Each structure stands twice: as C-alpha cells, then as structure tokens.
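Visitor: The sequence and its predicted three-dimensional model are supplied below.
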Amino acid sequence: MEQAFLDGLKAWFSRYVHSFGGATGSRQPMELKEVHTAYVCRDITILAESECLKGGDIVLAGAIGLLHDVGRFPQYAKYGTFKDSQSENHGELGVRVINEAGILEGLPDDEKAVILESVKFHNAYSVPAMGSRPALFLKL
C-alpha cells in the first residue's frame, strides 16, 4: 500500500467520523473513539516497524489501525453504546461500513482481504485459520 492511499483513507475517516456530529446528544463518545483510533494507528505502525516490516506493509498496518474501530461510530449512533453484547459486533459492522463506502477500491485483493479480516476479527475471542500474512497483521 502506498502512503498516498493511506492519506486518502485518513481524509475519508475524518469526514466519516464528523458526519455523526452530535446526533446522539454529545460528541464526546465519538471524540473518544477518534482519539483512540489515532493512538492505535500510531502504535500499530510502531509495532510493524519493530517486526521489521517494510514500506508498504507498514502503511498497510497503519490502514488497519485507522479502520479497526470504524464500526464503533454507527454502533454508538444507533444503539447509544459501545458494548457489542448490547448492540452488534462492531468488527462485523466495520466491514460493512468499509464495503458500503467502497474505500478500498483500487487496492490489490490481498491487501483488501488483510484489512477486512483484521477489522472483522480484531475483537474476536478466537479467529478462524488464516494464512500467515493476514494472521501477522491481525496479531499486530
């Protein structure tokens, strides 16, 4: 993945997050998840570098960090909670958001799959068997 693609995802993410405004009465929960996402995006990049990943894979890790909780925003807007047990699985919801927005168009299929699997299963207690590359990014 190229840095320019990640920059475009970041611009989309900012617009997406701010589209929720104060629909739930307060922006504070949305701001909390936006700040959390920024930290995860930074930290996963550091982890990818520490694992000696190179260029495009470090950027790919950053994209995963950016998108891992994208389902939290519609989850909170619809249900007023971040608890999956009281609403719906935010990982699966995140995959739907990504697919409906079409934000991964133009990426190679293998990179799309790594992002979608990482978003879908980042909160899972157990994950299905998967290839070593998707498993590496999910572990990050």
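Guide: Looks like it came in fine. Numbers count the residues shown, from 1 in each chain.
Visitor: Spell out, range by range, the helices that occur in this structure.
Guide: 3-18, 28-50, 55-67, 72-79, 90-101, 109-121, 132-139 (DSSP state H).
Visitor: residues in contact with residue 82?
Guide: Neighbouring residues of residue 82 by Cβ atoms under 8 Å, 6 or more residues apart in numbering: 29, 33, 72, 75-76, 90. For the C-beta atoms, the positions are set from N, CA and C on the backbone; glycine is no exception.
Visitor: swap in residue 69?
Guide: Going by Cβ under 8 Å, 6+ apart, residue 69 touches 33, 36-37, 40, 90, 94.
Visitor: rewinding a little: could you tell me which of the contacts of residue 82 count as buried?
Guide: Buried by 16 or more other Cβ atoms under 10 Å: 29, 33, 72, 75-76, 90, out of the contacts of residue 82.
Visitor: Same list (these) but as TSV, adding distance to residue 120 and pLDDT.
Guide: Putting the buried ones among the contacts of residue 82 into TSV (distance: Cβ to Cβ, whole Å; pLDDT from 0 to 100) gives the following:
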residue	distance to residue 120	pLDDT
29	22	84
33	18	92
72	14	95
75	14	95
76	19	92
90	10	96
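Visitor: Columns distance to residue 135 on top of those residues, output as a markdown table?
Guide: Shown next, in a markdown table, are these (distance: Cβ to Cβ, whole Å):
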| residue | distance to residue 135 |
| --- | --- |
| 29 | 32 |
| 33 | 26 |
| 72 | 24 |
| 75 | 26 |
| 76 | 29 |
| 90 | 21 |
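Visitor: pretty sure residue 91 is touching residue 123, no?
Guide: Yes - using Cβ atoms under 8 Å, residue 91 is in contact with residue 123, at 4.9 Å.
Visitor: what about those two, which has more around it?
Guide: Per other Cβ atoms under 10 Å, whichever of residue 91 and residue 123 has more neighbours is residue 91, with 22 against 15.
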